[in-house]
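Novice: Need a 3D model of the following:
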Amino acid sequence: MEKSKIFNEKKNMAVVHETVRWLQASARRGTHSAKTRSEVRGGGIKPWKQKGTGRARAGSTRSPLWRHGGVIFPPKPRDYSYPLPKKVRSLALRVALSEFNRGEKLKVIDAYNLAAPKTKEGVKFLKELGVSGKVTVVYAEKGDFEKALRNIAGVTMAKAIEVTVIDLLKSKWLVIDKKSVKVLEERLS
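Specialist: Numbering: from 1, shown residues only. You can find the predicted model right below:
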């Protein structure tokens with residue numbers, strides 16, 4: 001089969017890096033939180049009078065300098081995501097797919113035809129393809145083949161419509177069927 005244009009993109013690691021940063025930033029939950037001196041419970045009364053004790057002046061027991069006090073400039077819940085143009089995202093995915101083609105680590109098959117939905121059959125299938133180690137298997141539609149492949153160590157299953165640059169960068173081999181190639185062509189054109 002003639003390789004699609006999505007597998008023949010120029011190398012552009014800057015775009016791939018920016019997309020990975022965007023994906024990881026978007027995945028952050030940002031739920032970290034600590035209290036300022038105004039949010040900590042207590043500390044409403046002046047601990048001792050201003051003068052005459054020989055001690056340093058103090059207005060609250062919840063000062064950041066004190067034990068059980070607040071935090072100076074504490075972390076607060078926030079959203080780390082930022083916008084990234086769709087064209088940049090699709091370019092990064094095309095570049096990542098093209099790297100498999102350049103390194104001859106891409107296996108395009110007609111369909112996932114396994115005798116039975118068993119892990120043993122999945123291992124046999126991958127061995128016949130000549131792939132080992134970390135493998136990303138891209139599929140267009142769910143089927144019994146997924147049950148056979150998903151439990152194998154090092155194999156990542158990814159739906160063609162949802163596959164990300166991170167999924168591809170984590171693997172050494174890419175196995176994809178022709179239906180998935182069409183889905184990716186529509187998605188990345």
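
Novice: And the helices in the protein, which stretches?
Specialist: Ranges of helices in the chain, per DSSP state H, are 13-27, 86-102, 119-129, 144-149, 165-169, 178-188.

Novice: will you turn those into a markdown table that also has mean pLDDT and mean neighbour count?
Specialist: Backbone N, C-alpha and C define where each C-beta goes, glycine included. What follows is the helices of the chain, written out as a markdown table (pLDDT from 0 to 100; neighbours: other CB atoms under 10 Å):
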| stretch | mean pLDDT | mean neighbour count |
| --- | --- | --- |
| helix 13-27 | 96 | 15 |
| helix 86-102 | 93 | 19 |
| helix 119-129 | 91 | 15 |
| helix 144-149 | 88 | 19 |
| helix 165-169 | 93 | 18 |
| helix 178-188 | 90 | 17 |
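
Novice: got TSV for these, with distance to P64 too?
Specialist: What follows is the helices of the chain, written out as TSV (distance: least, CB to CB, whole Å):
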stretch	distance to P64
helix 13-27	29
helix 86-102	42
helix 119-129	56
helix 144-149	54
helix 165-169	39
helix 178-188	51
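
Novice: of all the ones you listed, which lies closest to R78?
Specialist: helix 13-27 (11.3 Å; CB to CB).

Novice: between the helices of the chain, which gets nearest to R41?
Specialist: helix 13-27 (33.5 Å).

Novice: which other residues reach that closest one?
Specialist: Identification of contacts with helix 13-27 by CB atoms under 8 Å, 6 or more residues apart in numbering yields 80-82, 84, 88-89, 91-93, 95-96, 164-166, 169.
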